[in-house]
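Asks: Let's see this in three dimensions:
(one chain, ligands or ions: 2)
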Amino acid sequence: MSFPMVLITGCSSGIGLRMAVMLAKDEQKRYHVIATMRDLKRKDKLVEAAGDTYGKTLSLAVLDVCNDESVKQCIDGIKDRHVDVLINNAGIGLVGPVESIPIEEMKKVFETNFFGVIRMIKEVMPDMKKRRGGHIIVVSSVMGLQGVVFNDVYAASKFAIEGFCECLAVQLLKFNVTLSLIEPGPVHTEFEVKMIEEVKKRECPGADPDTVHYFKDVYLPSSLDIFEALGQTPDDIAKCTKKVIEASSPRFRNLTNPLYSPIVAMKYADETGSLSIHAFYHMLFNMGSLMHNTLHRMLVYS
Ligand SMILES: NC(=O)C1=CN([C@@H]2O[C@H](COP(=O)(O)OP(=O)(O)OC[C@H]3O[C@@H](n4cnc5c(N)ncnc54)[C@H](OP(=O)(O)O)[C@@H]3O)[C@@H](O)[C@H]2O)C=CC1
Ligand SMILES: CC1=C(/C=C/C(C)=C/C=C/C(C)=C/C=O)C(C)(C)CCC1
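Replies: Numbering: from 1, shown residues only. Ligands and ions are numbered 1, 2, ... in the order given. Below is the predicted model:
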């Protein structure tokens with residue numbers, strides 16, 4: 001009997017690592033996972049977490065989503081190039097005032113979060129279409145649906161991939177290929193650590209002192225509060241993704257954190273967009289300390 005072949009990008013840490021381990025450790029051993037990462041020197045955490053599934057239901061491969069040759073070589077290395085489930089997880093964040101970020105850094109975000117996903121899909125999708133079967137999963141974000149201040153370019157990259165997937169999902173339905181988006185809110189991974197480091201390091205050249213103050217002294221503390229109060233674990237996201245893979249008719253959009261549903265609902269409740277923009281403004285600039293106290297009380301009593 002052959003098992004569904006699952007390929008996951010960005011498995012050296014965080015969500016990708018936990019997805020790979022959870023699927024490889026499936027009690028009924030239903031999956032064979034190809035856990036990929038761009039630098040195999042970073043494999044130790046994954047190998048340790050995989051335990052005795054390593055070499056059995058989990059194997060490792062090199063794959064850099066920003067490199068055509070690397071993507072092709074990885075897929076060519078799989079027997080019959082057969083991938084049943086492609087999980088596009090690799091991604092990078094970027095925060096800060098737009099005027100202080102070099103265009104090259106912004107392009108890297110799009111190259112990874114947008115073109116990286118498309119590069120993978122272009123390599124794997126034609127065979128899925130021929131076989132009339134397969135499941136493509138894209139780890140997007142709540143920021144693919146609702147922008148968050150000072151995350152302008154990151155949110156744009158996730159909006160872009162959401163738009164791309166909305167178009168493609170319709171065509172793929174004709175070929176019996178499923179496309180699903182996973183939309184997490186804040187998750188405690190290296191993503192969060194890198195964000196905090198980046199804010200500390202960023203001197204924000206080109207941004208005026210007021211903007212730097214709003215970024216570092218208003219946005220950052222509120223953002224940390226949100227992470228502390230609403231943050232999920234990478235295992236929560238892996239669990240949700242496993243459910244999506246195993247559903248008889250998987251949903252297209254999958255918000256992993258129900259606490260974010262009101263934020264998305266607000267966007268669709270007012271088609272002019274003013275409600276969301278003013279609500280976010282109010283939450284950030286007028287309710288920062290109230291939000292801080294409320295979120296902390298929520299944590300203490302939960
Ligand atoms: N954490 C969060 O709050 C949220 C995260 N997400 C999304 O979840 C996904 C996973 O992020 P998360 O686990 O949190 O963060 P991590 O930083 O822990 O993991 C990101 C992974 O992507 C890999 N990666 C980056 N660039 C490339 C590349 N060019 N080719 C292959 N792999 C690459 C990293 O590899 P390396 O070790 O080599 O850098 C790492 O394995 C991302 O798409 C992110 O946008 C969505 C919502 C919230
Ligand atoms: C909700 C909210 C905020 C922050 C949200 C954050 C920080 C979300 C992070 C999401 C992530 C990390 C997604 C990754 O893809 C603010 C602006 C502090 C105040 C207003 C309400």
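Asks: At which residues are the helices of the stretch 201-302 of the chain located?
Replies: Secondary structure of the stretch 201-302 of the chain by DSSP state H, counting those that start in this stretch: the helices cover 209-213, 220-230, 234-246, 261-269, 274-281, 288-301.
Asks: roughly how far is the shortest one from the heart of the chain?
Replies: Computed by C-alpha atoms, centre = their mean, to the nearest Å, the separation of helix 209-213 from the middle of its chain amounts to 29 Å.
Asks: buried sites along it?
Replies: Of all the residues in helix 209-213, those buried under the rule 16 or more other C-beta atoms under 10 Å are 211-212. For the C-beta atoms, the positions are set from N, CA and C on the backbone; glycine is no exception.
Asks: The helices of the stretch 201-302 of the chain: which one's closest to ligand 2?
Replies: Checking the helices of the stretch 201-302 of the chain against ligand 2 by C-beta to the nearest ligand atom gives helix 220-230 as the closest, at 3.5 Å.
Asks: buried sites along that closest one?
Replies: By neighbour count, and taking 16+ other C-beta under 10 Å as the criterion, the buried residues in helix 220-230 are 220, 222-227, 229-230.
Asks: I'd like the helices of the stretch 201-302 of the chain laid out as JSON lines, including distance to ligand 1.
Replies: As requested, these are exported to JSON lines (distance: least, C-beta to the nearest ligand atom, whole Å):
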{"stretch": "helix 209-213", "distance to ligand 1": "23"}
{"stretch": "helix 220-230", "distance to ligand 1": "7"}
{"stretch": "helix 234-246", "distance to ligand 1": "6"}
{"stretch": "helix 261-269", "distance to ligand 1": "13"}
{"stretch": "helix 274-281", "distance to ligand 1": "17"}
{"stretch": "helix 288-301", "distance to ligand 1": "16"}
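Asks: of all these, which lies closest to residue 37?
Replies: Of all the helices of the stretch 201-302 of the chain, helix 234-246 sits nearest to residue 37, with 14.9 Å by C-beta to C-beta.
Asks: Using CSV, write down the CA coordinates of the closest one.
Replies: C-alpha atoms of helix 234-246 as CSV (Å, rounded to 0.1, in the frame of the first residue of the first chain):
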residue,chain,number,x,y,z
PRO,A,234,3.1,25.8,16.4
ASP,A,235,1.4,22.5,17.5
ASP,A,236,-2.0,24.3,17.4
ILE,A,237,-1.4,25.2,13.8
ALA,A,238,-0.1,21.7,13.0
LYS,A,239,-3.2,20.1,14.5
CYS,A,240,-5.5,22.5,12.5
THR,A,241,-3.6,21.7,9.3
LYS,A,242,-3.8,17.9,9.9
LYS,A,243,-7.6,18.3,10.3
VAL,A,244,-7.7,20.2,7.0
ILE,A,245,-5.7,17.5,5.2
GLU,A,246,-8.0,14.8,6.6
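Asks: so what does that helix touch, helix or strand wise?
Replies: helix 14-24, strand 134-139, strand 177-183, strand 253-255 (3 or more C-beta pairs under 8 Å, 6 or more residues apart in numbering; DSSP states H and E).
Asks: can you list the residues of the protein near ligand 2?
Replies: Where the chain comes near ligand 2, counting by C-beta under 6 Å from any ligand atom, the residues are 141-143, 148-149, 185-186, 222-223, 226, 280, 283-284.
Asks: returning to that earlier point: will you turn the helices of the stretch 201-302 of the chain into a markdown table that also has mean pLDDT?
Replies: What follows is the helices of the stretch 201-302 of the chain, written out as a markdown table (pLDDT from 0 to 100):
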| stretch | mean pLDDT |
| --- | --- |
| helix 209-213 | 96 |
| helix 220-230 | 91 |
| helix 234-246 | 98 |
| helix 261-269 | 92 |
| helix 274-281 | 94 |
| helix 288-301 | 64 |
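Asks: Just put the helices and strands packed on helix 234-246 in JSON lines and tack on mean pLDDT, mean neighbour count and distance to ligand 1.
Replies: Listed next are the helices and strands packed on helix 234-246 as JSON lines, based on pLDDT from 0 to 100; neighbours: other C-beta atoms under 10 Å; distance: least, C-beta to the nearest ligand atom, whole Å:
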{"stretch": "helix 14-24", "mean pLDDT": "98", "mean neighbour count": "26", "distance to ligand 1": "2"}
{"stretch": "strand 134-139", "mean pLDDT": "98", "mean neighbour count": "24", "distance to ligand 1": "4"}
{"stretch": "strand 177-183", "mean pLDDT": "98", "mean neighbour count": "23", "distance to ligand 1": "7"}
{"stretch": "strand 253-255", "mean pLDDT": "97", "mean neighbour count": "18", "distance to ligand 1": "11"}
